[in-house]
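S.K.: Return a 3D structure for these sequence lines:
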Amino acid sequence: MKFGLQLGYWMAQPPAHAGELVVAAEEVGFDAVFAAESWGSDAFGPLTWWGSSTRRVRLGTSVVQMSARTPTATAMHALTLDHLSGGRAILGLGVSGPQVVEGWYGQPFAKPLHRTREYVGIVRQVLAREAPVTSHGAHYPLPYTGPGSIGLGKPLKSIVHPLRADLPIWLGAEGPRNVALTAEIADGWLAIYYAPRLAGMYNDWLDEGFARAGARRGRDDFEIAATCQVVITDDPASELDRMRWIMALYIGGMGAPELNFHAQVYRRMGYEREVDEIGRLFLSGKKAEAAAMVPDELILDTAIIGDEAHVRKQLGVWAAAGVTMLLVSVPDLAQLRLLAPLVEQ
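M.R.: You can find the predicted model right below:
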């Protein structure tokens, strides 16, 4: 099992010890380091800054939001990071949700699957650099000839020759159609709230994509990187209590009541009643009560918490379910060092 360090996105201030964690992660054998974005810090900047202190780990975005940048702008970021890092970039993309897309970026959220296919196709054109980039799609037409155009746009090729035409593109996906699309057009799946007990369901979704005409990869050369809280501790109860607050936020507050993708994931796991009650309490301002409603098993479906022997055993369960990398967040160097004996060298 490979490990990736998930730096996430910043809260009110930049994290204090992220640079040290990145260096230590490389030292103990982590395969990759990832950064995310929401509506504050971006994902590329931290990777460039902290990644400059490393020489081996891959540097991935998990994820950059497609509505934040045009496809060509994202391709520019990715090819720049790939050159600066000597070919270590992974471009992780995601559609985010309507509250962010329409409320923060001022872009329409409709037809996310169509937008994803079109977006990835343009990024791949830029990286291939075989011809000037054009697109006749409805979402990102190039050259642009719509309202406000003065008709002088022309197809262009990147001035910079990308280091790798096959720079890997991974997609963050949660629902069945999005996961199938990921298997068809991407090089890897960034899975959030992956539950090994549902591997059969995920495999059905993935196999649908792999079977499509023109699918880019198959199961043998496709990466599945699952976000997973891996905590080595002799006091699992305290860790579970801490994580209840996080789960209440994502299930109850990260999305509109009528369209919360994280909540939908847990409904598929069989927690419909709990999800409804957590959402009701959280949105009414009763956050402590919402956290108290999060059952242990809901957390442990998507996390590994316990002593080293328990964690080591669970890593085998996740690997058997098809996961090739765990994306873990660690609060400090001490917890990262505890994970070191488990990291695949």
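S.K.: Off-centre distance for the lowest-mean-pLDDT helix or strand in the chain?
M.R.: When the helices and strands of the chain are scored by mean pLDDT, DSSP states H and E, helix 261-268 comes last with a mean of 83. Relative to its chain's centre, helix 261-268 lies at 16 Å (Cα atoms, centre = their mean, to the nearest Å).
S.K.: What is the helix or strand hosting residue 335 packed up against?
M.R.: Assessed by DSSP states H and E, residue 335 sits inside helix 333-339. If contacts are counted by 3 or more Cβ pairs under 8 Å, 6 or more residues apart in numbering; DSSP states H and E, helix 333-339 sits against helix 18-28, strand 229-232. Where C-beta positions appear, they are placed from N, C-alpha and C, glycine not excepted.
S.K.: What ranges does the stretch 201-345 of the chain have for its strands?
M.R.: Using DSSP state E, counting those that start in this stretch, the strands of the stretch 201-345 of the chain run over residues 223-227, 229-232, 303-306, 325-328.
S.K.: Going by neighbour count, list what's buried in stretch 304-313.
M.R.: Within stretch 304-313, the residues that count as buried by 16 or more other Cβ atoms under 10 Å are 304-306, 311.
S.K.: and the end-to-end length of it?
M.R.: In stretch 304-313, first residue to last residue: 10 Å (Cα to Cα, to the nearest Å).
S.K.: In this structure, where is pLDDT below threshold?
M.R.: Scanning the chain with the threshold set as pLDDT under 70 gives 255-260, 345.
S.K.: how about a cut-off of 50?
M.R.: Low-confidence segments of the chain (pLDDT under 50): 345.
S.K.: so where do the strands sit in the stretch 1-150 of the chain?
M.R.: Ranges of strands in the stretch 1-150 of the chain, per DSSP E, counting those that start in this stretch, are 2-6, 32-35, 58-61, 64-65, 89-94.
S.K.: residues in contact with the second one?
M.R.: Residues outside strand 32-35 that contact it (Cβ atoms under 8 Å, 6 or more residues apart in numbering) are 2, 4-9, 22, 25-26, 43-44, 46-47, 50-51, 54, 57-62, 90, 92, 225, 325, 327.
S.K.: Residue 237: how many residues sit nearby?
M.R.: Neighbour count of residue 237, defined by other Cβ atoms under 10 Å: 10.
S.K.: Check the gap between it and residue 251 for me.
M.R.: Residue 237 sits 20 Å away from residue 251, taking Cβ to Cβ, to the nearest Å as the criterion.
S.K.: And stretch 185-193, end to end?
M.R.: One end of stretch 185-193 sits 22 Å from the other (Cα to Cα).
S.K.: where's that stretch relative to the chain centroid, distance-wise?
M.R.: Relative to the chain's own centre, stretch 185-193 is displaced by 7 Å; criterion: Cα atoms, centre = their mean.
S.K.: about what we covered before: which helices and strands does the least confident helix or strand of the chain pack with?
M.R.: Here helix 261-268 touches helix 236-252, helix 272-283, going by 3+ Cβ pairs under 8 Å, 6+ apart.
S.K.: Compare the ones you listed and give me the one nearest residue 318.
M.R.: Closest approach to residue 318 among the helices and strands packed on helix 261-268 is made by helix 236-252 (17.4 Å; Cβ to Cβ).
S.K.: which helices and strands does the closest one pack with?
M.R.: Packing contacts for helix 236-252, counted by 3+ Cβ pairs under 8 Å, 6+ apart, involve helix 261-268, helix 272-283, helix 287-292, helix 296-300, strand 303-306.
S.K.: Could you single out the most deeply buried of the ones you listed?
M.R.: Of all these, strand 303-306 has the most neighbours on average by mean count of other Cβ atoms under 10 Å, namely a mean of 21.
S.K.: got a markdown table for the helices and strands packed on helix 261-268, with distance to residue 14 too?
M.R.: Listed next are the helices and strands packed on helix 261-268 as a markdown table, based on distance: least, Cβ to Cβ, whole Å:
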| stretch | distance to residue 14 |
| --- | --- |
| helix 236-252 | 20 |
| helix 272-283 | 27 |
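S.K.: With respect to residue 96, which of the ones you listed lies nearest?
M.R.: Judged by Cβ to Cβ, the one of these that comes nearest to residue 96 is helix 236-252, at 13.5 Å.
S.K.: What residues of the closest one count as buried?
M.R.: By 16+ other Cβ under 10 Å, the buried positions in helix 236-252 come out as 236, 239-240, 243-244, 247-252.
S.K.: which one of the helices and strands packed on helix 333-339 has the most crowded surroundings?
M.R.: Among the helices and strands packed on helix 333-339, ranked by average contacts under mean count of other Cβ under 10 Å, first place goes to strand 229-232 (a mean of 22).
S.K.: So what are the sheet partners of that one and their directions?
M.R.: Partners of strand 229-232 in the sheet, by DSSP bridges, are strand 303-306 (parallel).
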